[in-house]
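> sharing a sequence plus its predicted fold:
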Protein chains: 2
Amino acid sequence: MSIGSELISGEVIDTNAGHIAGLLLGGGLRVQRHLVVGDCGSDIGEALNDLALKSDAVIVTGGLGPTVDDVTAMAAAHATGRRLLLNEELKEHLRSFSASLEGPGGCHSSDKQATIPAESTVIPNPTGTACGFRFTHMGCLFFFLPGVPSEMDRMLRETVLPFLCGRVTHKRVVISSFLNVFGLSEPQVDGLLAGALSGSLAVQMSICVTFPWIRITLRADGDTETEARTRLQGVMEKVRKQLGDAIFSEGHETIEQAVAVLFARRGMTLALAESCTGGLISKRLTDVPGSSAFFLEGAVTYSNAAKMRLLGVPQDILEARGAVSSECAAAMASGARGAAGSDLGLAVTGIAGPDGGTDDKPVGTVFISLAAPDGSWTKRFMFGGNREDIRILTAWTALDWLRRYLDVIPFPA
Amino acid sequence: MSIGSELISGEVIDTNAGHIAGLLLGGGLRVQRHLVVGDCGSDIGEALNDLALKSDAVIVTGGLGPTVDDVTAMAAAHATGRRLLLNEELKEHLRSFSASLEGPGGCHSSDKQATIPAESTVIPNPTGTACGFRFTHMGCLFFFLPGVPSEMDRMLRETVLPFLCGRVTHKRVVISSFLNVFGLSEPQVDGLLAGALSGSLAVQMSICVTFPWIRITLRADGDTETEARTRLQGVMEKVRKQLGDAIFSEGHETIEQAVAVLFARRGMTLALAESCTGGLISKRLTDVPGSSAFFLEGAVTYSNAAKMRLLGVPQDILEARGAVSSECAAAMASGARGAAGSDLGLAVTGIAGPDGGTDDKPVGTVFISLAAPDGSWTKRFMFGGNREDIRILTAWTALDWLRRYLDVIPFPA
């Protein structure tokens, strides 16, 4: 249960519930529902009593801050017939925490954050002022945590999960694996994986489209970790075989991380020349710590003058074929490679829109070119969607070319 | 209410509920709770009956697709004592829709998506196969929509909202405004706005931190639009005065959009030189359609060789002061400006980490420099957080420098 008027109004998207659900599921606990209510005492109280009837345990986040908006503790006390008490342990925590941040002087809000329902146990917060608390109400375990994701996450892992998991009897082990795919559509993945689960009742598969890539989640349970892992491995092998080199990574590895690993393995370097993506490919590759080992430089050449001066694109190509052309893309890639002295040169040029399209080259027309020691490749693409979609698809396709070149996998037809 | 096992497991974050809440609130309707349940018939049914008791209307999204996972229609029929009926109007919609996409031949899943609870009214889906439906159960209006955000959004705006808003009596008009701030902390904003609402009972203010900027939402209601607007304007004036030039935009304008508008107004051009941000600033400026009018080129100069060749940074600066230095940042900015022949040259160089820090220049040390016709400015910053935080803070601060220079506002001390 997430509490916050900014959540109920849609100003802020609640990410805590999904994060908690993932951790609980990993611990073999089933999540039945998420509920979001605003910072309103009666709504919170009604929800707590509803959930107590339906659940073994409820994790509540939000509304433990110092301001008058934050009414979770009061609502919880009221709904469960508890008094609100000033907790000396919490008062001391707040005093020392505030002192460490702002010097002595005291903060009037401290007392509010030290006041929790009677017959509660404190859940320590090592990184913030808002401690949590837990109590049992109508046979249901309630945990109250602050809404700040980093503080909540640490309290959940250090206190709530060990406590909860220790109480679960007949626990089943659940193990998850993720396979990440680019270049296939959802119906294609669906079709390829149609028979992968046959005879594997204890394995669940879900296919989740996260534009423009697809994540396949496999989840196996068993009485022991070995049993669950064995079940998972059997299905994983089938799925890997069916999807082949469309799988760019497993687990939580991004495509840029996968590319960075391959650059390190091959000991190669890269120079980039971007037009329509405007720095997006550079940005994504340099998101990876240590990318300076392979990424020498990038040129964002929006103007023709920049394409000529920085990349040596011949003026007659720009005049005869245009900046969005196969010839220009190839000249940009080899120019970037030559100027930087890198092993690979990658270039993209295209029309991301919304303006600039023509009959010959409508919005979505993109050329990608890769220059390498053993040859060069250039291809025309026609991407759909709006400006953002076209830029994202261009960056993904270019990153996938790097992955395939470095891993010696053929480019898709 | 959002339905989907991928939502309850945390694999996908539900954005529909927040989006719907924003639209309902704008229409003067109060949202009391969001609920998320998995694709499980009994969970869905129980939730529908719970919500019927507590609400005047419920908007349900998800679980209307063609696969066996999608059980919303069946669960809704079962929970409300309705039969499931094949709807001829829907069958025809599906037939023509599938034909337009894949040619004739038919699709076996069509019948499933044409089967809805008895005594329901169809909600047309102009852009997809999954039509919705509505019915009344225990005095509560239920609307069922598909989970695909774009399809759901259109059905909500075209059918559900007009229907719902037409039924609301004693409707109050609600008007919202947003003011977006960079460079002040939440306590600073809190302090500055402490008295802004005094005497304005019909206006609500919320302060929402979306790292690294802050959005202030003001919401006024009234019996008429004029009344609500007048109330809002009074508070807006106070807030604008208090926050001054820390407000970079109003409404949903991003800082890069604000910068693009200012470039157009001033008729100036830009060249960028990025080191630690690796293309992030270029990417964000070129997110804005039409940015090619002012953005001439960007250089992502990770290596020293690139800094010298592309930007003309003198070798003795790199050797004596290092690539992360005030002198190097200034040389990058003026070098980018000179090479591109632009009005402005903006450069950033720093240590984003996790490695590369020293005692003198720890991780988070960043230099930003701006070269302009009337002078140049260079400043050292010390940003906290991880690699991603440092890159985001650097890009935001650099964009804010551009905004301030172009709008003739002093840089912060």
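That came in fine, so what should we check first? Numbering: from 1, shown residues only, chains lettered A, B, ... in the order given.

> how close does the closest residue to A:Ala196 other than its chain neighbours get to A:Arg172?
Nearest non-adjacent residue to A:Ala196, counting by Cβ to Cβ, 6 or more residues apart in numbering or on different chains: A:Lys238, 4.5 Å away. Glycine gets a C-beta too; all of them are placed from N, C-alpha and C. A:Lys238 sits 23 Å away from A:Arg172 when distances are taken as Cβ to Cβ, to the nearest Å.

> using the three-state scheme, assign the most far-flung residue of chain A relative to its centre.
Relative to the centre of chain A, the most outlying C-alpha is that of A:Asp316, 44.4 Å out, by Cα atoms, centre = their mean. What DSSP: H, G, I helix; E, B strand; the rest coil gives for A:Asp316 is helix.

> check what pLDDT it gets.
At A:Asp316, the pLDDT value in this model is 97.

> for A:Gly106, same thing?
Looking at A:Gly106, the pLDDT reads 38.

> please apply the same query to A:Asp14.
As predicted, A:Asp14 sits at a pLDDT of 89.

> you'd agree it is in a helix?
No. With three-state DSSP as the criterion, A:Asp14 is located in coil rather than a helix.

> give me the number of residues near it?
26 (other Cβ atoms under 10 Å in any protein chain shown).

> residues contacting it?
A:2, A:4, A:7, A:34, A:36, B:13-14, B:18 (Cβ atoms under 8 Å, 6 or more residues apart in numbering or on different chains).

> what about 6 Å?
A:Asp14 makes contact with A:2, A:7, A:36, according to Cβ atoms under 6 Å, 6 or more residues apart in numbering or on different chains.

> cool, A:Glu88 as well?
A:Glu88 touches nothing, counting by Cβ under 6 Å, 6+ apart.

> wait, A:Phe175 touches A:Ala220, no?
Just so we're on the same page, residue A:175 is Ile rather than Phe. Yes. The pair A:Ile175 / A:Ala220 is scored as a contact, 5.4 Å apart, by Cβ atoms under 6 Å.

> mutual contacts of those two, please.
Joint contacts of A:Ile175 and A:Ala220 (Cβ under 6 Å, 6+ apart) are A:228, A:232.

> the nearest residue to A:Gly222 once chain neighbours are set aside: what secondary structure?
Spatially, and ignoring its direct neighbours in sequence, A:Gly222 is nearest to A:Ala228 (3.5 Å; Cβ to Cβ, 6+ apart). Judged by three-state DSSP, the three-state class of A:Ala228 is helix.

> per-residue confidence at A:Ala228?
In this model, A:Ala228 is scored at 90, pLDDT.

> any idea how far A:Arg219 is from it?
9 Å.

> cool, A:Leu29 as well?
From A:Leu29 to A:Arg219 the distance is 13 Å (Cβ to Cβ).

> ok, A:Ile351 next?
From A:Ile351 to A:Arg219 the distance is 42 Å (Cβ to Cβ).

> for A:Tyr302, same thing?
A:Tyr302 is 46 Å from A:Arg219, by Cβ to Cβ.

> element containing A:Leu48?
Using DSSP states H and E, A:Leu48 maps to helix A:41-54.

> quick revisit: ok, A:Tyr302 and A:Arg219, which is more surrounded?
Remark: of A:Tyr302 and A:Arg219, A:Tyr302 carries more neighbours, 26 against 21, as counted by other Cβ under 10 Å.

> mind listing what that one touches?
B:292, B:295, B:297.

> tell me the one of the residues you listed nearest B:Ala73?
B:Ser292 (48.3 Å; Cβ to Cβ).

> that closest one in helix, strand or coil?
Here B:Ser292 takes the helix state, with states given by three-state DSSP.

> same question, A:Val348
A:Val348 ends up strand, using three-state DSSP.

> chain B contacts on chain A?
Residues of chain A lying close to chain B by Cβ under 6 Å from any Cβ of the partner chain are A:6, A:8-13, A:15, A:18, A:21-22, A:25, A:31, A:33-37, A:206, A:208, A:278-280, A:282-283, A:286, A:289, A:292, A:295-303, A:306, A:354, A:387.

> can you say which of those are buried?
Neighbour-count burial (16 or more other Cβ atoms under 10 Å in any protein chain shown) is assigned, among these, to A:6, A:8-12, A:18, A:21, A:25, A:31, A:33-37, A:206, A:208, A:278-280, A:282-283, A:286, A:289, A:292, A:295-303, A:306, A:387.

> from chain B, how far off is the residue lying closest to A:Val148 once chain neighbours are set aside?
Leaving aside its sequence neighbours, A:Val148 sits nearest to A:Gly128 (Cβ to Cβ, 6+ apart; 6.2 Å). Counting by Cβ to the nearest Cβ, to the nearest Å, the gap from A:Gly128 to chain B is 13 Å.

> looking at A:Gly128 now. What's its pLDDT?
In this model, A:Gly128 is scored at 84, pLDDT.

> so it is in contact with A:Glu151, correct?
Yes. A:Gly128 is within contact range of A:Glu151, at 4.3 Å (criterion: Cβ under 6 Å).

> the more surrounded of the two?
Ranked by neighbour count (other Cβ under 10 Å), A:Gly128 and A:Glu151 place A:Glu151 first, with 21 against 18.

> outside of stretch A:125-132, which residues touch it?
Here stretch A:125-132 makes contact (Cβ under 6 Å, 6+ apart) with A:64, A:90, A:94, A:97, A:113, A:122-123, A:144-146, A:151, A:155.

> out of these, which end up buried?
A:64, A:90, A:94, A:97, A:113, A:122-123, A:144-146, A:151, A:155.

> just to revisit the earlier point, look up how far A:Leu161 lies from the residue nearest to A:Ala196.
Relative to A:Leu161, and taking Cβ to Cβ, A:Lys238 is found at 32 Å.

> list the buried residues for stretch A:173-190?
In stretch A:173-190, counting by 16+ other Cβ under 10 Å, buried: A:173-184, A:189.

> which of those sits closest to B:Lys54?
A:Val174 (32.8 Å).

> for that closest one, which three-state class applies?
Put simply, A:Val174 is strand when judged by three-state DSSP.

> I'd say it and A:Asp221 touch.
Yes. Contact criterion Cβ under 6 Å: A:Val174 and A:Asp221 qualify, at 4.7 Å.

> in the stretch 51-200 of chain A, what residue lies closest to chain B?
A:Lys54 (7.8 Å; Cβ to the nearest Cβ).

> the closest residue to that residue other than its chain neighbours: neighbouring residues, count only.
For A:Lys54, ignoring the flanking residues on the chain, the nearest one in space by Cβ to Cβ, 6+ apart is A:Gln32 at 7.3 Å. For A:Gln32, the count of nearby residues is 17 (other Cβ under 10 Å).

> again, but for A:Leu232
By other Cβ under 10 Å, neighbour count at A:Leu232 equals 22.

> do A:Val148 as well
Neighbours of A:Val148 (other Cβ under 10 Å): 21.

> and it, what's its pLDDT?
Looking at A:Val148, the pLDDT reads 89.

> A:Gly103 too?
42.

> leaving aside the residues adjacent along the chain, what's closest to the residue most central in space within chain A?
Per Cα atoms, centre = their mean, the C-alpha nearest to the average position across chain A is that of A:His252, at 8.3 Å. Residue nearest to A:His252 in three dimensions, not counting chain neighbours: A:Phe178, with 6.9 Å by Cβ to Cβ, 6+ apart.
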